[in-house]
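Student: coords please:
(one chain, ligands or ions: 2)
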Amino acid sequence: MNIGIIGVGTIGGMLLEKLRADSFYVVNRTKEKLEKYKGMNNLNICDTVKEVYNKSDIIFLAVKPQNIDEVLYEIRKTQIFNKIIISTVAGKDLKEIQEKTGKDGIIRIMPTILSKTGNGVTSVTFNDTINNKLKEKIINLLSSLGKIVEITEANLNAFTILSSSSPAFISLIVESFIDGAVNIGIKPKVAKEIFFETLKGTIKLLEEEKIEFSALRQMVSSPGGVTIQGLYSMEKRGIKGTIMEGIYESYQKMNNM
Ligand SMILES: NC(=O)C1=CN([C@@H]2O[C@H](COP(=O)(O)OP(=O)(O)OC[C@H]3O[C@@H](n4cnc5c(N)ncnc54)[C@H](OP(=O)(O)O)[C@@H]3O)[C@@H](O)[C@H]2O)C=CC1
Ligand SMILES: O=C(O)[C@@H]1CCC=N1
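Tutor: Ligands and ions are numbered 1, 2, ... in the order given. Purely as a prediction, here's the structure:
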């Protein structure tokens, strides 16, 4: 199977590194960016969107939303109709891609940077021209990215915030813990090491032992102790509302793209 990637930035590069194909055909606006992949023996660097489209069976669109229309326009000019187009672009729906390209086999995925290590959840939504056999083939292809879930397009925006934006939110929260630890005298390197272990362990308790959030808080908070003092301060400043609001704002922005 030949895979095309249009736009080899953060997500396109990750797809190139993680997916399995007989050959890859790629194009990127800034060609120099592709230098680092030149050692890949199944990589073909192309000059145009048209060349990638013509030579590939499945074509991933991985440009930013502001650049997608120019790519769809180039695809529209081609007269080959039996290809599968998989868009990673936030806020461009299946119908619009179909209309702008004049092609039928359209799929959307919402990738996550966590696929770099084969983790995270990538959601996929198919238009109604894709039959079950093809769906299975596509999900199988995508499985090297991590967990794949099929969802309806109506749910894609919410899933985007949860699985694709969250690594950025979590990174900010983790950084705050490290800064907090440095502020009470722990060296950054040590703080990072200890906090990463603490984070992994907390997730294990919540996930594997199925301990409820509130139960875990109670287990750790001694009456009149230090933990409840910290929780009280965080709650007083509205930490939960702040995070919930951030998620909602992201979602609203996504809906208006
Ligand atoms: N980053 C993330 O975590 C996620 C991103 N997405 C979606 O993935 C898509 C890609 O995002 P991301 O990888 O972060 O963006 P990047 O800016 O890192 O990559 C986009 C790439 O597209 C190239 N490009 C732009 N226009 C063209 C064109 N006309 N022809 C060929 N190449 C072009 C750019 O080239 P140049 O080198 O010149 O800039 C750049 O390398 C976006 O639509 C985004 O919504 C979805 C979920 C998560
Ligand atoms: O921030 C963005 O717009 C993209 C989509 C989700 C993650 N990155």
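Student: what pLDDT does the residue of the stretch 151-257 of the chain at minimum distance from ligand 1 get?
Tutor: Residue of the stretch 151-257 of the chain nearest ligand 1, by C-beta to the nearest ligand atom: Ser164 (3.9 Å). For the C-beta atoms, the positions are set from N, CA and C on the backbone; glycine is no exception. Listed pLDDT for Ser164 reads 97.
Student: three-state assignment of it?
Tutor: helix (DSSP: H, G, I helix; E, B strand; the rest coil).
Student: find the nearest non-adjacent residue to Leu141, please.
Tutor: Leu19 (6.6 Å; C-beta to C-beta, 6 or more residues apart in numbering).
Student: my guess is the one you found contacts Asn2, does it?
Tutor: No. Using C-beta atoms under 8 Å, Leu19 is not in contact with Asn2; the gap is 11.4 Å.
Student: of those two, who's got more company?
Tutor: Leu19 (19 against 16; other C-beta atoms under 10 Å).
Student: which residues does the residue of the stretch 151-257 of the chain closest to ligand 1 contact?
Tutor: Residues near Ser164 by C-beta atoms under 8 Å, 6 or more residues apart in numbering: 90, 110-113.
Student: list the buried residues of stretch 247-257.
Tutor: Using 16 or more other C-beta atoms under 10 Å as the test for burial, stretch 247-257 gives 250-251, 254.
Student: just the C-alpha atoms of it, please, in CSV.
Tutor: Presented in CSV, the C-alpha positions along stretch 247-257 are these (Å, rounded to 0.1, in the frame of the first residue of the first chain):
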residue,chain,number,x,y,z
ILE,A,247,-11.8,22.8,28.1
TYR,A,248,-15.1,24.5,27.3
GLU,A,249,-13.4,27.5,25.7
SER,A,250,-11.3,25.2,23.5
TYR,A,251,-14.5,23.3,22.5
GLN,A,252,-16.3,26.5,21.6
LYS,A,253,-13.4,27.6,19.5
MET,A,254,-13.3,24.3,17.7
ASN,A,255,-17.1,24.5,17.0
ASN,A,256,-16.6,27.9,15.5
MET,A,257,-13.6,27.0,13.2
